[in-house]
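Q: Got a predicted model here, sequence first, then my questions.
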Amino acid sequence: MKKLVSAVTVLTVAAVFALPAMAQEAAKPKVVNHDVEGRGQCLMCHTAGAMEAVPDAPAASHADRTNDTCLWCHGADSPMLTATPPATTHAIEGRDQCMMCHKAGAMEAIPDAPSGHESFDIKYCTMCHPVGG
């Protein structure tokens, strides 16, 4: 009986640690499965109802996204697919100008945004970095 309880305990602990990682992996976006050369207007085909055989971009979560942002998530080498960007460690209400604090050298105790992030519109920060806090 003790061995059964120990086995159940070990499996429960393993599941508690594995589920968040599995959920994050399941949430990763699908990779573009066709050549994008000459196809820079993603929404011509992926807008709801545009082409029956083509998957629609989710209207609610993709409403204000433009064609130039598609490969940020759906490109084969996208950090959204190859890495797990860290979640914010704080609520963002009243702190929605991320680069005020995360610009290189802005505040010593706060992590700098990686180089290349300077040109990103603030509204896209939470696409990769889920809100914590």
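A: Thanks, I have the structure now. Numbers count the residues shown, from 1 in each chain.
Q: Might you list the low-confidence residue ranges for the protein?
A: 1-27, 133 (pLDDT under 70).
Q: can you map out the helices along it?
A: Ranges of helices in the chain, per DSSP state H, are 2-26, 42-46, 59-62, 70-74, 79-82, 99-102, 125-128.
Q: Give the buried residues for the fifth one.
A: In terms of neighbour count (16 or more other C-beta atoms under 10 Å), helix 79-82 has its buried residues at residue 80. For every residue, glycine as well, the C-beta is placed using N, CA and C.
Q: Let me see the contact set for residue 80.
A: By C-beta atoms under 8 Å, 6 or more residues apart in numbering, the residues touching residue 80 are 28-29, 72-73, 128.
Q: And it, how far from residue 57?
A: 15 Å (C-beta to C-beta, to the nearest Å).
Q: Same question for residue 98.
A: Distance of residue 98 to residue 57, computed by C-beta to C-beta: 25 Å.
Q: Equivalent analysis for residue 116, please.
A: 24 Å.
Q: Between the two, tell me which one has more neighbours.
A: residue 57 (18 against 7; other C-beta atoms under 10 Å).
Q: Now for the more buried one: which residues touch it?
A: The contact partners of residue 57, by C-beta under 8 Å, 6+ apart, come to 42-43, 46-48, 65.
Q: could I get these as a markdown table with distance to residue 107 and neighbour count?
A: Shown next, in a markdown table, are those (distance: C-beta to C-beta, whole Å; neighbours: other C-beta atoms under 10 Å):
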| residue | distance to residue 107 | neighbour count |
| --- | --- | --- |
| 42 | 37 | 20 |
| 43 | 38 | 15 |
| 46 | 39 | 18 |
| 47 | 41 | 15 |
| 48 | 42 | 9 |
| 65 | 29 | 18 |
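Q: right, and out of those residues, which lies closest to residue 120?
A: residue 65 (12.7 Å; C-beta to C-beta).
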